[in-house]
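K.L.:
Just to be clear, the model below is a prediction. Sequence and coordinates:
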Amino acid sequence: MTNDVLDAVEINPVQPPRACLIWLHGLGADGHDFEPLIPELHLVDELGVRVLLPHAPLRPVTINGGMVMRAWYDIRSTQFRNDEDSSGIRQSEQQLLALISKEVANGIPAQRIVLAGFSQGGAMVLHTGLRYPQPLAGILALSCYLPLAESLPREGSGPGLGVPIMMAHGESDPLIPLPLAERSRDRLRALGCLVDWRTYPMPHAVYPQEIRDIRHWLENRLGRAPV
């Protein structure tokens, strides 16, 4: 696996973009998974936001019998934090950093970039954004948990730990239990992170009220042009 820039679905505004939303899908999906949701957020032409929906690399996934699928890292246990795939997480971190660097090189400052993700994608944006050396516009982490949590206190950057975070989770999530997400939230808050925490009456999914809340949160993060 290389650190080349990931292939991605790209949605551009009519005018030159003033901000960027990079949204990572969950295990076994691809960049098209959340493509139908983007028009509901009214960001692209309304706020001049470029949206990137990257495709995770193909890799075997242990809990799925070694089946090869799109995944940001291997999952070896349903306990998630047991025997974490540190190598895979850090490889995907480098690929996500390459996407951010490409946007910065194209004229979008880091403070106008939001990292978003669902499930495994949400875990990746938490891992990467909290370690990023510049302040991003925000981190949107949906139905996920904090991976490699033990290393964050020494690896997290000052700017990264200060980025506004919205975490949202289903109250009846059967795949990533709510208590695991709550422990992740508590760890982040203990490090001084600004976590806007939401729960919804849903399983491992996206809920209509959640979409409205995401839209409002993103408007607050990206609705103003840089000074």
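P.N.:
Alright, I've got the coordinates.
K.L.:
Residue 154: neighbouring residues, count only.
P.N.:
Using other Cβ atoms under 10 Å, residue 154 is surrounded by 6 other residues. Yep, even glycine has a C-beta here, placed from its N, CA and C like the rest.
K.L.:
Please export the C-alpha coordinates of stretch 13-22 as PDB.
P.N.:
C-alpha atoms of stretch 13-22 as PDB (Å, rounded to 0.1, in the frame of the first residue of the first chain):
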ATOM      1  CA  PRO A  13     -19.400  24.300  -6.500                       C
ATOM      2  CA  VAL A  14     -20.100  26.400  -9.600                       C
ATOM      3  CA  GLN A  15     -17.800  29.200  -8.200                       C
ATOM      4  CA  PRO A  16     -14.200  28.500  -7.000                       C
ATOM      5  CA  PRO A  17     -14.400  26.600  -3.700                       C
ATOM      6  CA  ARG A  18     -13.800  28.500  -0.500                       C
ATOM      7  CA  ALA A  19     -13.900  25.500   1.800                       C
ATOM      8  CA  CYS A  20     -13.700  21.700   1.700                       C
ATOM      9  CA  LEU A  21     -15.500  18.800   3.300                       C
ATOM     10  CA  ILE A  22     -13.700  15.400   3.300                       C
END
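K.L.:
Specify the helix with the largest residue count in the protein.
P.N.:
Secondary structure of the chain per DSSP state H: the longest helix is helix 86-105.
K.L.:
where does this structure dip in pLDDT?
P.N.:
Scanning the chain with the threshold set as pLDDT under 70 gives 1-4, 224-227.
K.L.:
Okay, strands next: where are they in it?
P.N.:
Using DSSP state E, the strands of the chain run over 8-11, 19-24, 49-54, 58-61, 67-70, 113-118, 138-142, 165-170, 195-200.
K.L.:
still on that earlier bit, packing partners for the longest helix of the chain?
P.N.:
Other helices and strands packing on helix 86-105, by 3 or more Cβ pairs under 8 Å, 6 or more residues apart in numbering; DSSP states H and E, are strand 19-24, strand 49-54, strand 113-118, helix 120-129.
K.L.:
ok so, going back, nearest to residue 82, out of the strands of the chain?
P.N.:
With Cβ to Cβ as the measure, strand 58-61 is the member of the strands of the chain nearest residue 82 (15.2 Å).
K.L.:
Direction included, what does that closest one pair against?
P.N.:
As defined by DSSP bridges, the strand partners of strand 58-61 come to strand 67-70 (antiparallel).
K.L.:
Residues touching the partner strand, excluding its own?
P.N.:
25, 27, 28, 29, 30, 55, 56, 57, 58, 59, 60, 61 (Cβ atoms under 8 Å, 6 or more residues apart in numbering).
K.L.:
What of stretch 90-101?
P.N.:
For stretch 90-101, the external contacting residues (Cβ under 8 Å, 6+ apart) are 1, 3-6, 8, 22, 24, 52, 54, 56-57, 72-73, 110, 113, 115, 124-125, 127-128, 131-132.
K.L.:
Determine the number of other residues adjacent to residue 7.
P.N.:
Neighbours of residue 7 using other Cβ under 10 Å come to 12.
K.L.:
repeat for the one 4 residues further on
P.N.:
Other residues lying near residue 11 total 18 when counted by other Cβ under 10 Å.
K.L.:
Fine, thanks again, bye for now.
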